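Undergrad: Give me a model of this one.
(one chain, ligands or ions: 2)
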Amino acid sequence: MSKVTMGGYTAEAETGFNHRTAMEEAARCLLCEDAPCSMGCPAGTNPGDFIRSIRFRNTKGAAEIIRENNVLGGSCARVCPYDKLCEEACSRCGIDRPIEIGKLQRYAIEQEKIFGMKTLKKPRSRKKGRVACVGAGPASLACAAELAKAGYEATIFEREAKAGGVLSYGITPARLPQKVVDWDIATVKGIGVKFEFGKEIGKKITAKDLLEKQGFDAVFVGAGLWKSGSASVPGEDLKNILSAVGFLKKARAEGGFKDMKGKKVVVIGGGDVAMDCATTAKLLGASDVHIWYRRTIEEAPANIDEIRYALSLGITITTNFAPKSFGGKTKVEFAEFQGRDGKSEAKVCCDYAVLAIGQQAEDITGVADAALSGKGCIAARGGGKTTVPGVFAAGDIVNGGKTVVEAVAAGKEAAETIIAYLDKKGVK
Ligand SMILES: Cc1cc2nc3c(=O)[nH]c(=O)nc-3n(C[C@H](O)[C@H](O)[C@H](O)COP(=O)(O)OP(=O)(O)OC[C@H]3O[C@@H](n4cnc5c(N)ncnc54)[C@H](O)[C@@H]3O)c2cc1C
Ligand code: SF4
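TA: Numbering: from 1, shown residues only. Ligands and ions are numbered 1, 2, ... in the order given. The predicted structure is shown next:
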């Protein structure tokens, strides 16, 4: 374990492989010809290929293979649900246990950073096309990187001061240290992608303006989901009832939640986001953190390791109870819950309540007047095409909220669609 300090708290981050343990793990790989592990990766990384390079002590080659497929290889090595993707598909599962692909990927990218390896290079020839990407989350970063590699000018417009989207403003640094995200972003910058921070598209400038007034040939929208889901219960608008992303974002900021010491915090939800919020509250100094989930622990979508980590910090998890109401004068003072059996009830005192019950799309019509699907997401088909010519979209804003690696895969696919569109338009 190593220490990670972020904003107002310090967390323990899991340590990765060293040279010896990486070599030992790589030596367990069967180097399968059909590499079933590669079928499990949405971004198209072939673990067999980069593990082979590690085995032959060609760490630069390994990092190149990872980066070529996934420019956010460092972040994905920390947060991908490997157990449900490549590691689940690994042939060694049938023998003893799967190869620790995630940790080997992490090792290769750590070596890339330590030795300052240049694994992705700027293309030699430039093309005329200019593409604007809205948002600097995984989807836009992957899309812009693919476009830059193909020689196009890609500019990312981000309303925040930092790139990364949920990587920088959501996921807890105990699982994803900021320096890992920053190194991935440095790789994206290194291949020529431009960034404009503090620029919110949809207020003064729209996608239409970018196309018609600012000379961009196409616009990609990777705006993610930044509106909190609602518990739809009385008292929800009291002070100190926070959205999961709002809570995590403030917790990471310098000076955020200075008053958390000794406080009682209620977290509602059963996914990884709920676990992140609860562990963050505890690490900020809350004395009592209690997770309430409406179904059983077996039904909880959170990763079992995250649940174990929360329990190891002394966090209580009560299952089969859903929120009924919140109460208090101006700030939340208590929360009431209704049991799944329809009879049981519970009431607890709290200083903060965090709603980790899913994210929704903000009103995106100001950005682009594209047709929407359910829950206000953008309806995109055929690799990111929206109903507005020249405007493409992918990531959470299209799929309704999935994973980082799926946002990367969708961003890459959208880049291919954009390149085909530019070719057709004769922008070469
Ligand atoms: C707390 C939390 C924990 C998670 N943990 C995991 C995990 O462990 N593993 C995993 O695989 N996935 C996890 N996810 C899901 C994952 O983070 C998302 O699927 C992924 O980040 C989606 O990428 P995206 O690029 O579509 O959107 P985002 O990451 O949301 O990025 C969108 C970006 O667009 C910007 N933006 C929005 N609107 C505008 C605008 N109008 N103008 C300019 N900029 C704008 C936002 O500021 C943001 O930077 C988690 C999600 C959350 C919320
Ligand atoms: S499936 Fe497992 S053993 Fe086979 S190449 Fe992939 S990581 Fe190695």
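Undergrad: Buried residues, the biggest helix by length in the chain. List them.
TA: Using DSSP state H to define each element, the chain has its longest helix at helix 404-425. For helix 404-425, the neighbour count (16 or more other Cβ atoms under 10 Å) marks 404-415, 417-419, 421-422 as buried. C-betas here are computed from N, CA, C, even on glycine.
Undergrad: and it, what other elements does it pack with?
TA: helix 73-79, helix 138-149, strand 218-221, strand 391-393, helix 396-399 (3 or more Cβ pairs under 8 Å, 6 or more residues apart in numbering; DSSP states H and E).
Undergrad: Tell me what angle the longest one forms with helix 404-425.
TA: The one in question is helix 138-149. Angle of helix 138-149 versus helix 404-425, following axes from the mean of the first three to the mean of the last three Cα atoms, to 10 degrees, is 40 degrees.
Undergrad: Now narrow the buried residues of helix 404-425 to whatever sits close to ligand 1.
TA: Near ligand 1, taking Cβ under 6 Å from any ligand atom as the test, the members of these found are V404, V405, A407.
Undergrad: Contacts only, for the second one.
TA: In this case it means V405. Applying Cβ atoms under 8 Å, 6 or more residues apart in numbering, we find V405 in contact with C41, P42, A43, N70, C76, C80, L85.
Undergrad: ok, which pair from these is furthest apart?
TA: Spanning the widest gap among the contacts of V405 are N70 and L85, at 12.2 Å by Cβ to Cβ.
Undergrad: Between those two, which is the more surrounded one?
TA: N70 (28 against 24; other Cβ atoms under 10 Å).
Undergrad: got a list of what R381 touches?
TA: By Cβ under 8 Å, 6+ apart, R381 lies in contact with nothing.
Undergrad: My error: substitute E406 in the last question.
TA: Here E406 is in contact with P42, N399 (Cβ under 8 Å, 6+ apart).
Undergrad: confidence score at it?
TA: Listed pLDDT for E406 reads 97.
Undergrad: That one and E299: what is the separation?
TA: For E406, the distance to E299 equals 22 Å [Cβ to Cβ, to the nearest Å].
Undergrad: same question, A274
TA: For A274, the distance to E299 - Cβ to Cβ - is 13 Å.
Undergrad: ranges for the strands of the stretch 301-428 of the chain?
TA: 316-318, 321-327, 334-339, 345-349, 352-355, 359-360, 391-393 (DSSP state E, counting those that start in this stretch).
Undergrad: Which among those is found nearest to ligand 1?
TA: Checking these against ligand 1 by Cβ to the nearest ligand atom gives strand 359-360 as the closest, at 5.7 Å.
Undergrad: Adjacent strands (with direction) for that closest one?
TA: Take DSSP bridges as the rule and strand 359-360 pairs in its sheet with strand 227-228 (antiparallel).
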